[in-house]
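> Here is the input, now give the coordinates:
(one chain, ligands or ions: 1)
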Amino acid sequence: MSQATIEVSGLRKRFGPATALDGMTFTVRPGRVTGFVGPNGAGKSTTMRVIVGLDAPDTGSALIGGRPYRSLRRPLTRVGSLLDAAAVQPSRSARNHLLWLARSQGLAAGRVDEVIGRVGLERAARRRAGGFSLGMRQRLGIAAALLGDPPVLLLDEPFNGMDPEGIVWMRGLLRALADEGRAVLVSSHLMSELEGTADHVVIVGRGKVIADTGVADLIARVSAGRVAVRTTDLPRATAVLVDAGAAVAATGPDTLAVSGVPAERVVALLGANAVPFSEVAAQRATLEEAYFGLTRDAVEYRGEPAGEGTR
Ligand SMILES: Nc1ncnc2c1ncn2[C@@H]1O[C@H](COP(=O)(O)OP(=O)(O)OP(=O)(O)O)[C@@H](O)[C@H]1O
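From the prediction side, this is the model:
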């Protein structure tokens, strides 16, 4: 059993009449960033709280490196977590907060300046954490999670409150932490935040797993066979491609969306029939498109789209 693994198995939990977890089961493996994604209320935070022993499940188990959190000795050296970025002593400086945490957990004080550097808080480290923006609190929370140099990281919505530059920085940090061999579980309700950083996604809805899949596979599956064509002869291009069995739709005065025939075959068909074209491109679905395809049925609440007539 790798130390850098989280195994969640058959978690069920009710809060009064509400079912928060309904058989939640998945494994987080070392060396990759696993996105934990789902709409509000899907059970992500509850699952993370169960993993670190803050909530007890009605049934099921959650193990870190093969052991329940409560049986871990020096838990901060086994798992680091960011569950609520607002949870800092407002009057303490960031550095003193981390020093206090290190001392209370028997961790070397020397780690404090290392983690402050890693999250880019050097210039703010001696300021009161109470005056921090949410983005800076997220950085401080991650510094705290990294203090014990743990093989497992659990971050609940770390992108919340981050500006675009912060989001790019966070993606890079998550990648680097996984490349060091850690298991990194990152929740988000926005799939787009995880684009380019998650290797794997566990998609949840209504307390259980809807999909547990590699990101590359997921995108390939959703993108399959979608090709964009730009041509000055829309009618002939359409005729040639339809003859070859493709489904074709015009998307603009000189563009077509083609499916059912791969890009190489589109090029060959247009070439062989002397149909002019300036572009044939296999379309790659975004992670967000893949996500919406999978979760359409599992969304608990869906706001009314802001229509033209609502102003
Ligand atoms: N302490 C609690 N008391 C009552 N109900 C709770 C409690 N914690 C969670 N719930 C309910 O359990 C369900 C799952 O909530 P949870 O916060 O785990 O979802 P989530 O996926 O993290 O959502 P979000 O993205 O909004 O944080 C929700 O219906 C929520 O209202």
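> can you list contacts of the helix ranked longest in the chain?
Looking across the chain with DSSP state H, the single longest helix is helix 164-179. With contacts defined as C-beta atoms under 8 Å, 6 or more residues apart in numbering, helix 164-179 is touched by 31-33, 118-120, 135, 138, 142, 146, 153, 155, 158-159, 162, 184, 186, 193, 196-197, 199. Every residue, glycine included, has its C-beta placed from N, CA and C.
> In space, what's closest to Val229 - neighbours in sequence excluded?
Excluding the flanking residues, the one nearest Val229 by C-beta to C-beta, 6 or more residues apart in numbering is Leu256, at 4.4 Å.
> Checking the one you found next. Helix, strand or coil?
strand (DSSP: H, G, I helix; E, B strand; the rest coil).
> Against the ligand, how distant is it?
Separation of Leu256 from the ligand (C-beta to the nearest ligand atom, to the nearest Å) stands at 39 Å.
> same deal with Val186?
From Val186 to the ligand the distance is 13 Å (C-beta to the nearest ligand atom).
> again, but for Val280
With C-beta to the nearest ligand atom as the criterion, Val280 and the ligand are 40 Å apart.
> swap in Ala178?
According to C-beta to the nearest ligand atom, Ala178 stands 22 Å off from the ligand.
> which ones are touching the residue in the stretch 151-300 of the chain that the ligand sits nearest to?
At 4.7 Å from the ligand, His189 is the closest residue in the stretch 151-300 of the chain, using C-beta to the nearest ligand atom. Each residue near His189 by C-beta under 8 Å, 6+ apart is listed here: Val37, Gly38, Pro39, Asn40, Lys44, Glu157.
> Any of these buried? List them.
Buried by 16 or more other C-beta atoms under 10 Å: Val37, Gly38, Pro39, Lys44, Glu157, out of these.
> Please look at the last one and Ser188 and confirm they touch.
It stands for Glu157. Yes. Contact criterion C-beta atoms under 8 Å: Glu157 and Ser188 qualify, at 6.2 Å.
> re earlier: give me the buried entries from the contacts of helix 164-179.
Buried among the contacts of helix 164-179 (16+ other C-beta under 10 Å): 32-33, 118-119, 135, 138, 142, 146, 153, 155, 158-159, 162, 184, 186, 193, 197, 199.
> Which of those residues fall within strands?
Arg32, Val33, Leu153, Leu155, Val184, Val186 (DSSP state E).
> Please identify the helix or strand for the residue nearest the centre of the chain.
With distances taken as C-alpha atoms, centre = their mean, the residue of the chain nearest its centroid is Gly35 (3.2 Å). Assigning secondary structure by DSSP states H and E places Gly35 in strand 32-37.
> what does Val201 give?
Residue-wise, Val201 maps onto strand 200-205 under DSSP H and E.
> So which bits of the chain are right by the ligand?
Phe15, Ala18, Ala20, Gly38, Asn40, Gly41, Ala42, Gly43, Lys44, Ser45, Thr46, His189 (C-beta under 6 Å from any ligand atom).
> quick one: the helices in the chain?
With DSSP H as the criterion, the chain has helices spanning 44-51, 94-104, 110-118, 134-146, 164-179, 215-223, 234-243, 263-272, 287-295.
> same question for the third one, mean pLDDT?
Put plainly, it is helix 110-118. The average pLDDT within helix 110-118 is 94.
> between that helix and helix 94-104, how many degrees?
140 degrees (axes from the mean of the first three to the mean of the last three C-alpha atoms, to 10 degrees).
> one step back: now the phi/psi pair for the residue nearest to the residue nearest to the centre of the chain when sequence neighbours are not counted, please.
Distance criterion C-beta to C-beta, 6+ apart; nearest residue to Gly35, sequence neighbours excluded, is Ala198 at 3.6 Å. Main-chain torsions, Ala198, degrees, to the nearest 10: phi -80, psi 130.
> I'd assumed Phe36 was in contact with Ala198.
No. Ala198 lies out of contact with Phe36 (C-beta under 8 Å); the separation is 9.2 Å.
> Common neighbours of those two, please.
Val186.
> follow-up on the earlier one: each with direction, which strands does the strand holding Gly35 pair with?
Paired strands of strand 32-37, with direction, are strand 183-188 (parallel), strand 200-205 (parallel) (DSSP bridges).
> Now do the same for that strand: mean pLDDT, whole number.
Strand 32-37 shows a mean pLDDT of 96.
> Stretch 202-218 now?
Per-residue scores along stretch 202-218 average to 91.
> Please export the C-alpha coordinates of it as CSV.
Output of stretch 202-218 as CSV, limited to C-alpha atoms (Å, rounded to 0.1, in the frame of the first residue of the first chain):
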residue,chain,number,x,y,z
VAL,A,202,-13.9,11.9,-10.0
ILE,A,203,-17.2,13.5,-11.0
VAL,A,204,-19.9,13.3,-8.3
GLY,A,205,-23.5,14.2,-8.0
ARG,A,206,-26.0,13.6,-5.3
GLY,A,207,-23.6,11.9,-3.0
LYS,A,208,-22.1,9.3,-5.3
VAL,A,209,-19.6,8.9,-8.2
ILE,A,210,-20.9,9.6,-11.7
ALA,A,211,-17.6,9.1,-13.5
ASP,A,212,-14.1,8.1,-12.4
THR,A,213,-11.9,8.6,-15.4
GLY,A,214,-8.6,9.8,-16.9
VAL,A,215,-8.9,13.3,-18.3
ALA,A,216,-7.2,12.4,-21.6
ASP,A,217,-9.7,9.5,-22.1
LEU,A,218,-12.6,11.6,-21.2
